[in-house]
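> Output the structure for:
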Amino acid sequence: MINRDVNLVLRQEEAKRDRHNTIRKEEELAIKDELMKFPQNCFPRFGRFLLTSDDISSRQRRKQGV
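Next up, the predicted model:
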């Protein structure tokens with residue numbers, strides 16, 4: 001009797017983990033799909049935005065004429 005209950009609980013927990021993993025994988029695939037559909041012309045703008053090697057202070061000085 002106890003073994004059956006333990007097996008039942010273990011199977012329920014495994015099913016819950018499987019559902020959770022399936023949902024997570026579906027969400028990841030949806031994100032990847034959206035990225036592939038994203039207009040390619042937007043990526044360069046994001047690339048310039050995320051570029052951290054720019055020396056912003058020298059650009060500001062040039063604009064101010066210093």
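> would you list every one of the helices in the protein?
Under the criterion DSSP state H, the chain carries helices at the ranges 2-37, 43-50, 56-64.
> If you average pLDDT over each of these, which is lowest?
When these are compared on mean pLDDT, helix 43-50 scores lowest, with a mean of 56.
> what about Arg4, how many neighbours?
Neighbourhood size, Arg4 [other Cβ atoms under 10 Å]: 8. The C-beta positions use only the backbone N, C-alpha and C, and glycine is treated the same way.
> actually Lys25, not the one I typed
Around Lys25 there are 10 residues (other Cβ under 10 Å).
> Contacts only, for Ile23.
By Cβ atoms under 8 Å, 6 or more residues apart in numbering, Ile23 lies in contact with nothing.
> Could you report the distance from it to Leu29?
In this view, Ile23 and Leu29 are 11 Å apart by Cβ to Cβ, to the nearest Å.
> do Asp5 as well
With Cβ to Cβ as the criterion, Asp5 and Leu29 are 36 Å apart.
> and what of Leu35?
Note on Leu35: its distance to Leu29, by Cβ to Cβ, is 11 Å.
> do the same with Leu10
Distance of Leu10 to Leu29, computed by Cβ to Cβ: 29 Å.
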